[in-house]
Structure formats: C-alpha cells, structure tokens
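Trainee: coords below, sequence missing:
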C-alpha cells in the first residue's frame, strides 16, 4: 500500500495458482481512500474468473464522492465478486456486528 492506496497492479502481479481470494476494503480503513471506479473495473476485468474478489465496503454509507460506483452494480459484469456491507458502522450497531453479503446467484449457491 502506497500513501494508503491499494496497489492493484501489485495485487495482480502476486496472483498465482494458489490464489483463491483477493480482499479489498473500499473505502479503505483507516485511510478512507477510495479506489476510483475506472481503476476498480479495470482491475476486476484482469482478475481470473476462478478467483473470488471480496469488496469489503463496511464504510460505504460514508462515501460522498459522486464518482464512486456502487459495487453491487458490477455483479452482472463480474460474477466472481462478493460485496460485504454492515449495519454496524453507520447505524450505531457496532456491538452487534450485523452485516450482509451480496453476490451473484452462482457464487452464493456454491
């Protein structure tokens, strides 16, 4: 991570036959940095389809950047992504650790 930003090219360079999951916090914690939508889409298009990409969006409700793409809209294009969100941060439920995952039907059925 450079300047609190994910180095998506380094992630791709590290992928090998043993890679099963790539985990990305977006926005990142604790820096709050966002991956620009174009960069995220370009990255996802280069990740092999057999690798799960977890997009941890625990702080999604705090995003104010109008150019930020809602990752749920990318599910049809990239069925290997799993979007994680939580009620715990924005709704004052930290003690409950209440969250949810959204993914393509084929991913969630496996």
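Mentor: Ah, there it is. Small disclaimer: the values here were computed from a predicted structure and weren't measured.

Trainee: In the lengthiest helix in the chain, which residues are buried?
Mentor: Using DSSP state H to define each element, the chain has its longest helix at helix 37-46. Residues of helix 37-46 classed as buried by neighbour count (16 or more other C-beta atoms under 10 Å): 37, 40, 41, 43, 44. In this view, the C-beta of every residue, glycine as well, is placed from N, C-alpha and C.

Trainee: mind checking how far the last one is from residue 92?
Mentor: So that's residue 44. 32 Å (C-beta to C-beta, to the nearest Å).

Trainee: next one: residue 55
Mentor: Computed with C-beta to C-beta, the distance linking residue 55 and residue 92 is 23 Å.

Trainee: Strands along this protein, start to end?
Mentor: Taking DSSP state E, the strands of the chain run over residues 21-25, 52-56, 81-86, 99-103.

Trainee: tally of neighbours for residue 34?
Mentor: Per other C-beta atoms under 10 Å, the neighbour tally for residue 34 reads 20.

Trainee: cool, residue 104 as well?
Mentor: Other residues near residue 104 number 15, with proximity taken as other C-beta under 10 Å.

Trainee: pretty sure it is touching residue 77, no?
Mentor: No - taking C-beta atoms under 8 Å as the contact criterion, residue 104 and residue 77 are not neighbours in contact, 10.0 Å apart.

Trainee: Next, the contact list for the one residue sitting closest to the centre of the chain, please.
Mentor: What sits nearest the mean C-alpha location of the chain, by C-alpha atoms, centre = their mean, is residue 55, with 1.5 Å. Residues near residue 55 by C-beta atoms under 8 Å, 6 or more residues apart in numbering: 24, 26, 71, 81, 82, 83, 84.

Trainee: Give me the nearest residue to the fourth one, chain neighbours excluded.
Mentor: Closest residue to residue 81 in three dimensions, ignoring its sequence neighbours and counting by C-beta to C-beta, 6 or more residues apart in numbering: residue 53, at 4.7 Å.
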